[in-house]
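# just the structure for this:
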Amino acid sequence: RKLAGGGPLMDLGIYPLNAIRWIAGEEPVTFAAQVATRIQGPRFASVEETVEFNMKFASGILASSGCSYGESGPSYLNIGGDQGHIQVQTAFMYSGMKYTGITKNGPVSDAAPTGPSWYQFVYEAAHFADCVANNTQPATAGEEGLADLLAMEAIYKAAGAPIA
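This next block holds a predicted model:
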């Protein structure tokens, strides 16, 4: 487990976790979670197959998410509130993102710009190189990553699972 580098939560679940924290604009205060492995054998001997988690925020926002190495299915993000709702599908992928929904002002729909999926990595690397060259702070502080890791630790703890 220590050499595995993490399971699906650290690999895949970080994306919805970070998106939910960013959208909420606050940190979760309570967690509930479960881990499971259906596929027996060496593939999941050192990490879990699936993680499902729920979070509650001080403002009353509730969020749920899940990630899995073993199960495939749609990648989506649903957001519902008193002003409307929106669905992003396919979410957390490198291309093909589209959102649809209804707001108090009517329907909304749009698609993310298209282009090679590696563009985001080029932009991230260029931004970081620019920060180093110009001695400036990155747009996303390291504390953001720390907050993600603390939330992942809380999810594993809520599931009664060892932290990868």
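
# low-confidence ranges, the chain, go.
Across the chain, the ranges flagged by pLDDT under 70 are 1-5, 112-119, 164.

# break down it into its strands, ranges please.
With DSSP state E as the criterion, the chain has strands at 28-36, 50-57, 62-68, 76-81, 84-89, 98-103, 106-111.

# how about the ones you listed, which one is nearest Ala161?
strand 28-36 (4.6 Å; C-beta to C-beta). In this view, the C-beta of every residue, glycine as well, is placed from N, C-alpha and C.

# and the angle for that closest one with strand 50-57?
170 degrees (axes from the mean of the first three to the mean of the last three C-alpha atoms, to 10 degrees).

# buried residues, strand 28-36. List them.
Using 16 or more other C-beta atoms under 10 Å as the test for burial, strand 28-36 gives 28, 31, 33-35.

# for the protein, longest helix please?
In the chain, taking DSSP state H as the definition, the longest helix is helix 142-159.

# what sits up against that one?
With contact meaning C-beta atoms under 8 Å, 6 or more residues apart in numbering, helix 142-159 is reached by 9-10, 13-14, 17-18, 21, 27-28, 31-35, 51, 53, 55, 162-164.

# could you redo the last one with a cut-off of 7 Å?
9-10, 14, 17-18, 21, 27-28, 31-35, 51, 53, 163 (C-beta atoms under 7 Å, 6 or more residues apart in numbering).

# with stretch 35-53 instead?
1, 4, 7-9, 13, 31-34, 64-71, 155, 159, 161, 164.

# what residues sit buried inside that stretch?
Neighbour-count burial for stretch 35-53 flags 35, 37, 44, 47-53 (criterion: 16+ other C-beta under 10 Å).
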